[in-house]
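Asker: got a predicted model here, sequence first, then my questions.
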Amino acid sequence: MPTRTGSRDRLLPIAATLLAIACETTPPAVPAKLTFTVQPALATAGSLINPAVAVAVQDAEGNTITSAINTITLAVNGNAGGGTLLGATTVTAVHGVAVFPNLHIDIASTGYTLSATSPNLSGATSTLFAVAAGPASKLVFTVQPALTTAAATITPAVAVAVQDAHGNTVTTATYTVLMAIGNPAGSGILGGTTSVAAVNGVATFSNLSINGAGTGYTLVAAVPNLSSAISIPFTVAAGPASKLVFTVQPAATVAGVTILPAVAVAIQDLFGNTVTTATNSVTVSIGSNAGSGTLSGTTTVAAVSGVATFYDLSINSAGVGYTLTAAAANLSGSASAAFSIQVPLVFTTIAAGYFFSCGIATGGLAYCWGTNGSGQLGADVGSQSSIPVAVSGGFSFATLSAGRDHSCGLTTGGSAYCWGQNSGLLGNGTTANSSTPVAVAGGLSFATVSAGYSHTCGVTTGGTGYCWGFNGNGELGNGSLTQSNVPFPVSGGLTFASISPGRDFTCGLTTAGVAYCWGINSDGELGDGTQTLRTSPTLVSGQLTFARVTAGGFHACGLTTGGLAYCWGSDFSGQLGNGTTNSSSVPVAVSGGTVFATLSAGNRHTCGLTPGGIAYCWGENAGMLGNGASSNSSTPVAVAGGRTFGAISAGRFHSCGATTGGAGYCWGNNADGKLGDGSFVNSFVPVRVRGSAP
C-alpha cells in the first residue's frame, strides 16, 4: 500500500504543469489611441476627399484592435482657409477602423489638417493637405466701387474675382472681364479700361470713372458662360462748380406779367452736373433787349441745392427775341433761349366749357386753355395748357362758345366754325376730331352758334334754327331720334333769336320772346310742366316773355325783358336759385329779386350779371360760385373781388368772366388748367387769366 509521501510526490508535477500553462496565456489588448491609416489627400472644394480617410483604433504598441467598435469624430484642425468639413464626420469603427467615405471641404486653401477624437483615447492629427478651387462658375466684386467725383478715377481700383460655386477664387483663371454700368442713376458714361483680363483669378480695373453725378449707380461685371456680378450701389458726386446753366428757360408772357414757370439757373461742374452743395448768388439781367424793356423782380438769388430760382421776374415792354443772362462770381455765365413778351390780351368775352375755356380778345382772335385731349383748344399744343393758346387759322370771331369737348365760333361774316371732339357735333359731315377750326357744312349764314354737351345749335340770320350732332334724346328738335352730322332744321317753323344747347336737351327763344325747349325731360328741364321727352320744340310754361334763355346740364334759366331771372328743371344743388333744392318742371323765380342783364346756366350751377356788372352765382359749389366758400347755395351769392364784369359764363366745375376793362378771370376747379392762370391749383375766388389785361 502506498505511503502518503508518495501521493504528494505524484501531484507536484501536475501542479507545476498547470502553473506553466497559466503563465503562458496572453492578456486581451487595451485600446489606447487613434491613428490615421489613410491620410486626407489633395481635394477640390466641394468634392469628396479621395481615397476615403480612415482612422484605426490601436493599442499602445500601434496594433489595430480589430474588435474595437469605438465612435470616432473628425474635425478640421489646421483650418488654414476657414473651410467647413462636410459629410459624415462621426463614424463607428468596424474591425477597429472608421472609414469616412464622403468628406469634403468647401473653402480652398493649403495647410489643412484633420483631427480625430474618441472618448478615452488619444487623438490623432492628419498630415497637411490642400483643397483646390473648383471649376470657374461666377464673378464676384472683391473690391466694390466707392463714392467718387464725376470724371474722377474710382479709388480704390474696382476688382472682380473669378470664383467657383463655393466662392473660392480660381487663381488659374485668365478670363477677360467686361465692366459696364448696371443701374444708370444719372446720365453718366463709364470711362476708362472696361475690359480687363484676370490675373491669378482677379481682374483689376484701375482707371474707371463716370462723368454724370447720381446716387444709386451700380456696375455689372460679365464673362460669357459665367454668372455675372452686380456691385453695391454707390454715388458719383458733382465736381467743382464751373458754370451756370438755365434749367428752366424764360417762357413767353405778357408785358408786366410774371414769367412763369419761374426761371431757374443751376450751378454745374464741367460735365453738366448740378453742384447741389453750391449756394452762390446768381444775378440775371436782360441780354438781347428786343423791346427796350426793363427787367423787374428779384434779380439776384442765392442758390438752394445748387439752383437759383427767380419767382417774380417780369418785363414791361412787348418784343420778340428777348434773352436773359445769368452771372455769378468765378463761374462761367450763361444766356437763356430767346422768348417773347406780348401785348396783354384784352378779352371781350370768355366761355367756360366742361374742362376748358375759350375767349375772344381784341381783334376777334380766339384763345383757349385747359384740357386738349380732343383738340378743343383749337391748336396742336399737347394734352393740355394752363395758359391761353391761340386758336389756329387766324379767324376773327364775333362770338365763341365752349361745350363739353368741342368749341364753336361765329365769324363777323356769319360763318360758323367748330373744332375738337367730333361725333357729328362739328357739323362738317364727318366724325373725325379736329384740332383746327373746320367750317360747318351747308354754307349757312348764322347770327348765333352755340356748343353743347354732345350737340351744337345755331340760328341763321333769317331766324331759322338748326342743330346737329347726337340726337338720342331728341335734342336736335327735328322730330326724330336720328343723329345728324350736318345742320338740320329744328321742327315747327319757329323764328328764333337764339338757341342754347344743354346736356341732353335744348332751349330756344323766338324773336317774340317766347321760350321753347326739347329733348330729355326727366328732371323737368323742358319747363312744360311734364317729364315727357320731346323731339320737337315745346312751349315753356308760364307765359313769360324772355330776353334770354340758357340751357345747362339738367336745368335751364330765362331772363325776362324786365331783368328778372327764372329757372326750371333739376334743383339738386340749388341751381334754380329759389332758396330750395326742389326740382320744378315749370319756371320758378330766382330769390332776391335781383335785376340781371345776362344769365349763364352751367352743369349744376348758374351765374348772372347785373346791369352794373356785378357777378352772382348759385347752385353747386366746388369753388365755381367764386364766393370764397365750397358749400352749395340755393340763392345768389356775390362773386368775390368786387370786379365789374362785362361777360360771364358758367361751365361744369368752373366759371369765367371778362371785366369791362378786358381782364379775364376764372374760378373753381383747375385740374386741367382751365382757369388759365398758369397753374393747376383750384381757386374759390377769381384768378386772372394769364396774359390778360391787368
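Answerer: Right, received. Where do you want to start?
Asker: might you list the low-confidence residue ranges for the protein?
Answerer: Along the chain, the model assigns pLDDT under 70 to residues 1-27.
Asker: how about the helices of it, start to end?
Answerer: For the chain, applying DSSP state H gives helices covering 4-24.
Asker: let me see the domain layout of it.
Answerer: 33-132, 138-237, 243-342, 347-688 (automatic domain parsing).
Asker: now render those domains as JSON lines, adding mean neighbour count and distance to residue 694.
Answerer: Placement of C-beta: from N, CA and C, glycine included. As requested, these are arranged in JSON lines below (neighbours: other Cβ atoms under 10 Å; distance: least, Cβ to Cβ, whole Å):
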{"stretch": "domain 33-132", "mean neighbour count": "17", "distance to residue 694": "80"}
{"stretch": "domain 138-237", "mean neighbour count": "18", "distance to residue 694": "42"}
{"stretch": "domain 243-342", "mean neighbour count": "18", "distance to residue 694": "7"}
{"stretch": "domain 347-688", "mean neighbour count": "22", "distance to residue 694": "7"}
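Asker: for residue 408, list the residues it contacts.
Answerer: For residue 408, the contacting residues are 400-401, 416-419, 440, 449-451, 456, 458, by Cβ atoms under 8 Å, 6 or more residues apart in numbering.
Asker: pick out whichever of the residues you listed sits closest to residue 33.
Answerer: Taking Cβ to Cβ as the measure, residue 33 sits nearest to residue 419 out of the contacts of residue 408, at 104.1 Å.
Asker: in terms of contact, does that closest one touch residue 432 like I think?
Answerer: No. Using Cβ atoms under 8 Å, residue 419 makes no contact with residue 432, being 11.3 Å away.
Asker: from residue 147, how far out is the closest residue to residue 141 other than its chain neighbours?
Answerer: Nearest non-adjacent residue to residue 141, counting by Cβ to Cβ, 6 or more residues apart in numbering: residue 231, 5.0 Å away. From residue 231 across to residue 147, the span is 13 Å (Cβ to Cβ, to the nearest Å).
Asker: what sits against residue 360?
Answerer: Counting by Cβ under 8 Å, 6+ apart, residue 360 has contacts 347-349, 366-367, 397-400, 409.
Asker: dump those residues to TSV, plus distance to residue 540.
Answerer: What follows is these, written out as TSV (distance: Cβ to Cβ, whole Å):
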residue	distance to residue 540
347	32
348	30
349	26
366	32
367	35
397	30
398	28
399	24
400	26
409	28
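Asker: just the closest of those residues to residue 100, please.
Answerer: Distances from residue 100 to these, taken by Cβ to Cβ, are shortest for residue 367, at 90.9 Å.
Asker: quick check, the closest one in contact with residue 358.
Answerer: Yes. Between residue 367 and residue 358 there is a contact under Cβ under 8 Å: 6.8 Å.
Asker: joint contacts of those two?
Answerer: Both residue 367 and residue 358 are contacted by residue 391, under the criterion Cβ under 8 Å, 6+ apart.
Asker: where do the strands sit along the stretch 451-600 of the chain?
Answerer: 455-460, 465-469, 484-489, 496-501, 505-510, 515-519, 534-539, 546-551, 555-560, 565-569, 584-589, 598-601 (DSSP state E, counting those that start in this stretch).
Asker: for the second one, packing partners?
Answerer: Contact partners of strand 465-469 among helices and strands, from 3 or more Cβ pairs under 8 Å, 6 or more residues apart in numbering; DSSP states H and E: strand 455-460, strand 484-489, strand 496-501.
Asker: adding distance to residue 320, write the ones you listed out as JSON lines.
Answerer: Shown next, in JSON lines, are those (distance: least, Cβ to Cβ, whole Å):
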{"stretch": "strand 455-460", "distance to residue 320": "37"}
{"stretch": "strand 484-489", "distance to residue 320": "41"}
{"stretch": "strand 496-501", "distance to residue 320": "40"}
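Asker: any idea which of those strands gets closest to residue 391?
Answerer: Distance to residue 391, taken as Cβ to Cβ, is lowest for strand 455-460 among the helices and strands packed on strand 465-469, at 16.4 Å.
Asker: what is the distance between the closest one and the centre of its chain?
Answerer: Remark: strand 455-460 is offset 41 Å from the chain centroid, using Cα atoms, centre = their mean, to the nearest Å.
Asker: strands paired with that strand, and their directions?
Answerer: According to DSSP bridges, strand 455-460 forms sheet pairs with strand 446-451 (antiparallel), strand 465-469 (antiparallel).
Asker: contacts for the first one next, please.
Answerer: Contacts of strand 446-451 from elsewhere in the structure, counted by Cβ under 8 Å, 6+ apart, are 353, 399, 401-403, 406-410, 414-416, 418, 425, 440, 456-461, 463, 498-501.
Asker: now do the last one
Answerer: Contacts of strand 465-469 with the rest of the structure, by Cβ under 8 Å, 6+ apart, involve 423-425, 427, 440, 442, 444, 452, 454-460, 475-478, 483-490, 494, 496, 499, 501, 506, 508.
Asker: look up how far residue 155 lies from the closest residue to residue 156 other than its chain neighbours.
Answerer: Nearest residue to residue 156 in three dimensions, chain neighbours excluded: residue 143, at 5.7 Å (Cβ to Cβ, 6+ apart). Taking Cβ to Cβ as the measure, residue 143 falls 10 Å from residue 155.
Asker: equivalent analysis for residue 121, please.
Answerer: To residue 155, residue 121 is 56 Å away according to Cβ to Cβ.
Asker: same question for residue 240.
Answerer: Distance, residue 240 to residue 155, by Cβ to Cβ: 17 Å.
Asker: right, and residue 619 touches residue 581 too?
Answerer: No. Residue 619 lies out of contact with residue 581 (Cβ under 8 Å); the separation is 9.7 Å.
Asker: who touches both of these two?
Answerer: Common contact partners of residue 619 and residue 581 (Cβ under 8 Å, 6+ apart): 573-574, 634.
Asker: make a markdown table out of these and add distance to residue 116.
Answerer: Formatted as a markdown table, the shared contacts of residue 619 and residue 581 follow (distance: Cβ to Cβ, whole Å):
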| residue | distance to residue 116 |
| --- | --- |
| 573 | 93 |
| 574 | 97 |
| 634 | 99 |
